[in-house]
Each structure stands twice: as C-alpha cells, then as structure tokens.
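Trainee: Quick one, fold the following:
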Amino acid sequence: ALIRDANREKMSKTKGNVVDPIDIIQRFGTDAVRFTLASMASPGTDIAFNIARTEGYRAFANKIWNAARFLFMNVDRAAKVGIFIDPAALGKMPEAEQSAPLEARWIVAELHATAAKVNQSLENYRYDDAANTIYQFFWGSFCDWYLEIVKLRLDFSETADKAATKAALTTLLQVFEASLRLLSPFMPFLTEELWHAVYDGNPPAKSIALTRYPQGDELQVNDAVLIDISVLQSLIAEVRALRKEIS
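Mentor: The predicted model follows:
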C-alpha cells in the first residue's frame, strides 16, 4: 500500500510532505510505528499515516509495560509467602474449569475467541483487523477489566486461601504469556523482552518468535460466561456514570 499523509496526498519529497521514518521511530518507538502500519494496512487502500495514531499506540505499549509491572510485582509477593508458578504451566493456551471463578472463565474464553479471530484475519491477509482485535483484547478485556477484577483474588495475607491465590495468579500468567505470543508479530521488541522476563530469563525457546502462535479453541469460548460478564460490565458502567453525576 502507498503511504499518504492525513490529507490523502501521496508523500513526495518534491511536495515536502515526506515523513522521516527514523524520526518517527525515535519519537515513538519501533513497535508503535510497526503497530500503526499494521493497524492501517487495509487491502487495496493507501495508508493515510497519522502521527496521532502512532502516539496512541505508544500509549498502548506503555499500557502493556504497566500490566507487566503489576504481574511481576505480584509474582514477587507470591514468592514471599511460598507461592510459586510452575513454568510448565505456561507456553500453551490456558483452559478454565467450570469451577473456576467467573472472571477466569471469561478471560480464557475471550483469549480463545481473540486468537481464533486473529488467525482468521491473518489467513485473509487482513493485518489491520488482526492488529485491532489484539489491541481491543489487550487494552480493553485484559488490562481495563480483568486486571481490575483479579486484584481482588490476589490475597497474600496470612489468612488467605493460598490455593485460590495460586490459581488466580496462574491464570493471570498464562493469559499474559499467551497474549505476548499473540502480539509478537506486531510488536516484536516489547514482547521479546517481556516474554523472557515472564520466564525469569530462562525461557523454553531462544526467542518468542520460535514459539507456537496461539490458536483458539471454540470449546473454550463459553457464550454464557461472555454474556454474564457483559451484564456485569454494563452494571459497573452505569454505577460509575451515576457516581459521576452525583459528584
């Protein structure tokens, strides 16, 4: 696809509207620029390069870093009370038992649905759809909703149910690790560093690029769970709106 500016004019040195890729990469990072191009790569159309979108995807990268910090902080807290996650539990698509908490069953279902949709988009050469699907899952479902809910499960006090805490932390790690593999073709540098950190510098492969790309299992996509969470999200949104009106 041709690269055009936001005014739909073809970039040209003569017109002086050329975007210097090195300058953009230095300002926003390689991964943010790469993700911008992927998210706008609709077949048969020119890319109307938009600096604001690149800035937004830099914020997306920061969102992922913050999620990783939260995760690693809780892994350290768990270790202090004798809770350790077996690395063998990672590297595959997570599964959720019917007895698992609602949010665990939901995020696993969302991950599988997302992986299936991303793979379908890639098969159809719709890199824009694939990138945007990952973005919506990672920022929306995982960061904005799941992390906020799972915080309530990560209890490291003396009276806490360690089995329940370990189960919650295991699901959190499994989903995050699989999400990194899903995102890696679009943001290879960020995901490579964080993936090695998930395994504490001792990963099962030399690079995340050498691991299996996540595949969705329709048996793990529980429509009833998705509906239950959707209702809960709507309720929370309404409560927040009412609180805002009152204040």
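Trainee: which phi and psi does Ile136 have?
Mentor: One thing to correct before we go on: residue 136 is Gln, not Ile. When read as degrees, to the nearest 10, the backbone of Gln136 gives phi -60, psi -40.
Trainee: In the chain, where's the longest helix?
Mentor: Determined from DSSP state H, the single longest helix within the chain is helix 51-80.
Trainee: list the helices and strands that helix packs on?
Mentor: When contacts are defined as 3 or more CB pairs under 8 Å, 6 or more residues apart in numbering; DSSP states H and E, helix 51-80 packs onto helix 21-28, helix 30-39, helix 162-183, helix 188-198. C-beta: built from backbone N, CA, C; applies to glycine.
Trainee: Tell me, please, where in this protein the pLDDT is lower than the cut-off.
Mentor: 1-19, 44-48 (pLDDT under 70).
Trainee: repeat that with 80
Mentor: Within the chain, the stretches with pLDDT under 80 are 1-21, 41-50, 219-242, 244-245, 247.
Trainee: Need the residue closest to the centroid of it.
Mentor: With the centre of the chain defined as its mean C-alpha position, the nearest residue by CA atoms, centre = their mean is Phe138, 2.6 Å away.
Trainee: how about it, what does it touch?
Mentor: Contacts of Phe138 were listed using CB atoms under 8 Å, 6 or more residues apart in numbering, and they are 60, 63-64, 179, 183.
Trainee: and what of Ala224?
Mentor: Counting by CB under 8 Å, 6+ apart, there are no residues that Ala224 touches.
Trainee: Let me know the helix or strand that it is in.
Mentor: Taking DSSP states H and E as the definition, Ala224 sits inside helix 223-246.
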